[in-house]
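J.: return a 3D structure for these sequence lines:
(one chain, ligands or ions: 1)
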Amino acid sequence: MDDVPAWNEDKRGLFSVKSAYRVQLEVQRRNSSSGIATSSRGAIMGEREWKSLWNLKCPGKIKHFCWRLAHNSLALRLNLQGRGMDIDTRCVVCSYQVEDGSHLFLHCKQIREVWLALGIEKEREILCGTRSAAEMVSECMHMEEHKKLVIITLLWNWWNERNRRREGEKGRSVAELAFITTSQVHGFASVNARMSHSEPATRHRAGRWTPPERNVIKLNIDGAFCPRRKTGSWGFMFRDFEGEVIAAAAGNMP
Ligand SMILES: [Zn+2]
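T.: Alright, predicted model coming up:
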């Protein structure tokens, strides 16, 4: 098993981005003194890439998820087997291939369709060329800011989707997952613009999403139509005051 620091940086046992960054710097310091390359692009996450991750305008829980992905600490079935557990290593979603990070996040049949629906197929292909989860997250940190957010939000949603399915819940469609991801990224930009007053979310035609008051659920409905292809899509989503998705559905119009 790799030398990965245990999470004990916070007195209350809570994750914070700042403390994660401090731990990461310590890991790098230890690795470089033991001769393991940590800073070159294409190897594993270096200081620049971690900074890029921690500075992203999205909730800390998504950054924490990326930290765990990069350290192979997600409970992917191949990781569990690597820790000595005697388990079925087949993918939770397709039951066909071995479930490692590369398969689950980049190659599993349905997730490939979601990457395509989100218009980030080119980025998926680039990430397919990486050799480890750490390299995948590192490579992602060199992409354009908006793409980074879409990708890590998608990975996080897909991990939650995989866990829902493992618990026997009904799977969400490609259109639903793409819609949820796009809306969340839109929400991060809106919340951030509201907080910083410096980054207007002008590229989004639907305007800014603002969270509701505590204990109030907000419903957003969206639709789009492409005249050239004569196709369209629709979606709706209920979110709470923290922007957490409570329920969502989306589909295509033929
Ligand atoms: Zn699969």
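J.: and the protein, which residues reach the ion?
T.: Neighbours of the ion within the chain, by CB under 5 Å from the ion: Cys91, Val93, Cys94, Cys108. Backbone N, C-alpha and C define where each C-beta goes, glycine included.
J.: pull out the buried members of those.
T.: Buried members of the residues of the chain next to the ion, counted by 16 or more other CB atoms under 10 Å: Cys91, Val93, Cys108.
J.: the second one against Gln110, yeah?
T.: Okay, so that is Val93. Yes: counting by CB atoms under 8 Å, Gln110 is a contact partner of Val93 at 6.5 Å.
J.: who touches both of the two?
T.: Taking CB atoms under 8 Å, 6 or more residues apart in numbering as the contact rule, Val93 and Gln110 both touch Gly171.
J.: and the pLDDT for Ser190?
T.: As predicted, Ser190 sits at a pLDDT of 75.
J.: doesn't it belong to a strand?
T.: No: per DSSP: H, G, I helix; E, B strand; the rest coil, Ser190 lies outside any strand segment and is helix.
J.: for the strand or helix carrying Ile180, which positions count as buried?
T.: In this structure, Ile180 sits in helix 174-196 according to DSSP states H and E. For helix 174-196, a neighbour-count test (16+ other CB under 10 Å) marks 174-193 as buried.
J.: contacts for whichever helix or strand Lys148 is part of?
T.: Lys148 is part of helix 145-166, with elements assigned from DSSP H and E. With CB under 8 Å, 6+ apart as the test, helix 145-166 has contacts from 52-53, 56-58, 61-63, 65-66, 69, 74, 92-93, 104-105, 111, 114-115, 118, 120, 123, 127, 140-141, 143, 171-172, 177, 180-182, 184-185, 188.
J.: helices along this structure, start to end?
T.: 17-33, 47-54, 60-70, 77-82, 101-102, 109-117, 121-128, 133-140, 145-166, 174-196 (DSSP state H).
J.: report the rounded mean pLDDT for stretch 210-226.
T.: On average, stretch 210-226 scores 71.
J.: revised request: answer the last question for stretch 128-147.
T.: 94.
J.: please apply the same query to stretch 44-61.
T.: On average, stretch 44-61 scores 92.
J.: ends of it, what's the gap?
T.: From its first residue to its last, stretch 44-61 covers 21 Å (CA to CA, to the nearest Å).
J.: thinking again about what came up before, what would the helices of the chain look like in a markdown table with distance to Asn220?
T.: Converted to a markdown table, the helices of the chain look like this (distance: least, CB to CB, whole Å):
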| stretch | distance to Asn220 |
| --- | --- |
| helix 17-33 | 27 |
| helix 47-54 | 27 |
| helix 60-70 | 20 |
| helix 77-82 | 35 |
| helix 101-102 | 31 |
| helix 109-117 | 19 |
| helix 121-128 | 26 |
| helix 133-140 | 27 |
| helix 145-166 | 16 |
| helix 174-196 | 7 |
